[in-house]
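J.: Got a predicted structure plus its sequence, pasted below:
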Amino acid sequence: MSLQVFNTLSNKKEEFVPIDGKNVRMYACGPTVYDSSHLGHARMAIVWDVIQRYLRSVGYNVTFVRNITDVDDKIINRAKELGISPDQLARQYTFEYWRDMYALNVMAPDFEPKATEFIAPMIQFVRELIDAGHAYEANGDVYFDVASFNDYGKLSKQNLEQLQSGAREQVRTQEDLASIKKNPVDFALWKSADEGELGWPSPWGYGRPGWHLECSTMIRTVLGESIDIHGGGEDLVFPHHENEIAQSESLFKKNMAKYWMHNSFVQVSAEKMSKSLGNFKTIKSLLENYSADTLRLLILQTHYRNPIDFTADSLAAAKTAVLRLVRAAALDAELEQNGDVPAKVRDAIAETEKQFSDAMDNDFNTAVAISALFSLGDKVFQTKDASEQKAYAAALVRLAKVLGFTLADTRKKIEPETAKGVMDLVLELRKNARENKDYATSDLIRKELAQLGINVMDAPGGATWEKA
RNA sequence: GGCGGCAUAGCCAAGUGGUAAGGCAGAGCUCUGCAAAAGCUCCAUCCCCCAGUUCAAAUCUGGGUGCCGCCUCCA
């Protein structure tokens, strides 16, 4: 079965055929770095991580670009609140984002452009749009002339009339803009800024680039005028991606992306998890109690285009489930392979691998792919023969890796608090031995502990210990 | 108002024309000094409701009901 992907543009699954043979160019809209990332951002990152991992695993040469938006009103406002500069704030949250991504075992993108590094190409892009008659300057701002682009609305399935009637309602709150723009749906390519505010000089005066512009510009610069996959969260369909299409396609006269893919949201109590609603769990806080694998399983057990309703129960369920996979996978490292793997085992593995790839080929059906992982886990424990167990466990690890699971065995890693409890217990047992005049045992305990690098010191008030 | 999506067991969640994957929770048994792990077995006559198409529908069509997202920053 060939790979099928759901294309937002056509609203149906299509066979995946890259523009350039085995080379796949993909771009995902990354974060605006003005605050900590939450589970919703983790979902987006993990979904795209899995997509690119799978494409690589089936032999594509993937170039994956994920940008960082570090110029934005939200950044500026937040920085003002905190009394620091916007670029300082952006850098701080960029670092935090990287830390979160690393902790989640999300692969680094091949390129990670930042908006601030693309000011000059963005200005150039705007200039070209003006020259081509698709944009106009007004009071130091530059707007995209939506009416000049016939395909406007093709991604979000809206037509211009509908948007205009909708836009008129909102325009009441921004009447100053209504007088400047030719059309209420026209969007800013360049926004003038006051001196002292974050901004750059441009042919139209001091100002900042519009949000949509950076992605069009980065894609053009880094990947080219037409790419294979462009994606992001479903809320980006309109207006963000629609506007990117308008910018890029009106200028280049070719499809910006062949496949548009959008992931659904994480909800809390059937409501969207978002920064504006304040009902979010940060990645950082979740990772304090749950492993990266647990969060990944929670996310990938739901198909990427369906919403996930986040609950404490589902998180706990994922944690238990991961533990089972970890136990099975651990046997890969623990066991030895003796001789050839029997044909029936090889066949069983091949069959499961086929189930896995069939599921992934079906628009990245990770939920079904994961069931293949559990099926391998079952086989590991159902088999008595160590060599066969090893073969199944190795297959499990291999497939799990395609989905980005580490299956890291942390079962023996104990926290300092727990270690302290264990030492208390050991010293209690030693104390009992001493009280029974069983000095052989008490001396043995002290000697063994010393070899482990722990010194036990008897004192009138009882024994204490410290790391040597 | 416009556009789009969702409704499957106690919970999470696949399936989208051929007779209900998987995970969690639960029950029984095996193993076992106890416990945990592991194994075996069981756990939706039925997929929001109604009507229709079909030999056959959770899956298609029409009509309801409920919920959600986008149209304004948002992954």
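T.: Everything's here; your move. Numbers count the residues shown, from 1 in each chain, chains lettered A, B, ... in the order given.

J.: touching RNA strand B at all, stretch A:203-217?
T.: Yes. Counting by CB under 7 Å from any atom of the strand, RNA strand B is contacted by stretch A:203-217 at A:W211. Any C-beta I mention is one placed from the backbone N, CA and C, and that applies to glycine too.

J.: From start to finish, how long is that stretch in a straight line?
T.: Stretch A:203-217 stretches 17 Å from its first residue to its last (CA to CA, to the nearest Å).

J.: and it, which residues are buried?
T.: Buried residues in stretch A:203-217, counted by 16 or more other CB atoms under 10 Å: A:204, A:207-217.

J.: How about the residue in the stretch 101-250 of chain A positioned nearest to RNA strand B: what's its closest non-neighbour residue?
T.: Residue of the stretch 101-250 of chain A nearest RNA strand B, by CB to the nearest atom of the strand: A:G233 (1.6 Å). Closest residue in space to A:G233, ignoring its immediate chain neighbours: A:M44 at 5.4 Å, by CB to CB, 6 or more residues apart in numbering.

J.: Test my guess that the one you found contacts A:A28.
T.: Yes. Using CB atoms under 8 Å, A:M44 is in contact with A:A28, at 7.4 Å.

J.: More neighbours: those two, which one.
T.: For A:M44 versus A:A28, neighbours defined as other CB atoms under 10 Å are more numerous around A:M44 (29 against 25).

J.: Checking my notes, the more buried one in a strand, right?
T.: No. Under DSSP: H, G, I helix; E, B strand; the rest coil, A:M44 falls outside any strand and is assigned helix.

J.: Please list all residues in contact with it.
T.: By CB atoms under 8 Å, 6 or more residues apart in numbering, A:M44 lies in contact with A:28, A:232-233, A:263.

J.: Please repeat the previous calculation with a cut-off of 7 Å.
T.: Neighbouring residues of A:M44 by CB atoms under 7 Å, 6 or more residues apart in numbering: A:232-233, A:263.

J.: need the contact list for A:H262.
T.: A:8, A:231-234, A:236-237.

J.: Taking the residues you listed together, which two end up most distant?
T.: Spanning the widest gap among these are A:T8 and A:G233, at 11.6 Å by CB to CB.

J.: any low-confidence regions in chain A?
T.: Of all residues in chain A, those with pLDDT under 70 make up the ranges A:1, A:165-179, A:269-271, A:275-278.

J.: got the domain boundaries for it?
T.: A:4-272, A:311-402, A:416-467 (automatic domain parsing).

J.: For these, could you give me CSV that also reports distance to A:I299?
T.: Shown next, in CSV, are the domains of chain A (distance: least, CB to CB, whole Å):
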stretch, distance to A:I299
domain A:4-272, 5
domain A:311-402, 8
domain A:416-467, 29
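
J.: Alongside RNA strand B, which residues does the stretch 301-450 of chain A contribute?
T.: A:301-303, A:306-309, A:311, A:313-314, A:316-318, A:320-321, A:324, A:327, A:362, A:365, A:367-368, A:370-371, A:374-375, A:377-378, A:381-382.

J.: Let's see that with 6 Å instead.
T.: Within the stretch 301-450 of chain A, the residues that sit near RNA strand B (CB under 6 Å from any atom of the strand) are A:301-303, A:306-309, A:311, A:313-314, A:316-317, A:320-321, A:324, A:327, A:365, A:367-368, A:370-371, A:374, A:378, A:381-382.

J.: Would you mind pulling the contact partners of whichever helix in chain A runs longest?
T.: Longest helix in chain A by number of residues (criterion: DSSP state H): helix A:312-334. With contacts defined as CB under 7 Å, 6+ apart, helix A:312-334 is touched by A:290-291, A:293-294, A:297-298, A:301, A:373, A:377, A:380-381, A:389-390, A:393-394, A:396-397, A:400, A:407, A:409, A:411.

J.: circling back to that earlier point, so what's in contact with A:M44 and A:A28 at the same time?
T.: Shared contacts of A:M44 and A:A28 (CB under 7 Å, 6+ apart): A:G232.

J.: Any idea which residue of the stretch 1-150 of chain A lies closest to RNA strand B?
T.: Closest point on the stretch 1-150 of chain A to RNA strand B, by CB to the nearest atom of the strand, is A:G40, at 2.3 Å.

J.: returning to what we had before: for A:F16, state which of the contacts of A:H262 is nearest.
T.: Among these, and counting by CB to CB, the member closest to A:F16 is A:G231, at 13.1 Å.

J.: helix/strand/coil for the closest one?
T.: Under three-state DSSP, A:G231 comes out as strand.

J.: and it, how many neighbours?
T.: Residues near A:G231, counting by other CB under 10 Å, number 25.

J.: Give me the buried positions along the longest helix of chain A.
T.: Applying 16+ other CB under 10 Å to helix A:312-334 flags A:315, A:318-319, A:321-323, A:325-332 as buried.

J.: do the same with stretch A:379-395
T.: A:379-380, A:383, A:387-395.

J.: Ends of that stretch, what's the gap?
T.: One end of stretch A:379-395 sits 11 Å from the other (CA to CA).

J.: ditto for stretch A:225-245
T.: End-to-end distance for stretch A:225-245: 11 Å, by CA to CA.

J.: thinking again about what came up before, who's the residue of the stretch 101-250 of chain A closest to RNA strand B bridged to?
T.: A:N263 (DSSP bridges).

J.: Just the strands from the stretch 1-150 of chain A, written as ranges.
T.: Listed in chain order, the strands of the stretch 1-150 of chain A (DSSP state E, counting those that start in this stretch) span A:4-7, A:12-15, A:23-28, A:61-66, A:135-138, A:141-144.

J.: Take the longest helix of chain A, keep the C-alpha atoms, and write them as PDB.
T.: C-alpha atoms of helix A:312-334 as PDB (Å, rounded to 0.1, in the frame of the first residue of the first chain):
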ATOM      1  CA  ALA A 312      -5.700  12.900  34.300                       C
ATOM      2  CA  ASP A 313      -7.100   9.400  33.800                       C
ATOM      3  CA  SER A 314      -5.900   9.200  30.200                       C
ATOM      4  CA  LEU A 315      -2.400  10.400  31.300                       C
ATOM      5  CA  ALA A 316      -2.300   7.700  34.000                       C
ATOM      6  CA  ALA A 317      -3.500   5.100  31.500                       C
ATOM      7  CA  ALA A 318      -0.700   6.000  29.100                       C
ATOM      8  CA  LYS A 319       1.900   5.800  31.900                       C
ATOM      9  CA  THR A 320       0.900   2.200  32.700                       C
ATOM     10  CA  ALA A 321       0.800   1.200  29.100                       C
ATOM     11  CA  VAL A 322       4.200   2.600  28.400                       C
ATOM     12  CA  LEU A 323       5.600   0.700  31.400                       C
ATOM     13  CA  ARG A 324       4.500  -2.600  29.700                       C
ATOM     14  CA  LEU A 325       6.300  -1.700  26.500                       C
ATOM     15  CA  VAL A 326       9.400  -0.700  28.500                       C
ATOM     16  CA  ARG A 327       9.400  -4.100  30.300                       C
ATOM     17  CA  ALA A 328       9.200  -5.900  27.000                       C
ATOM     18  CA  ALA A 329      11.700  -3.700  25.200                       C
ATOM     19  CA  ALA A 330      14.200  -4.100  28.000                       C
ATOM     20  CA  LEU A 331      14.700  -7.700  27.100                       C
ATOM     21  CA  ASP A 332      16.300  -6.600  23.800                       C
ATOM     22  CA  ALA A 333      19.300  -5.300  25.800                       C
ATOM     23  CA  GLU A 334      19.200  -8.000  28.400                       C
END
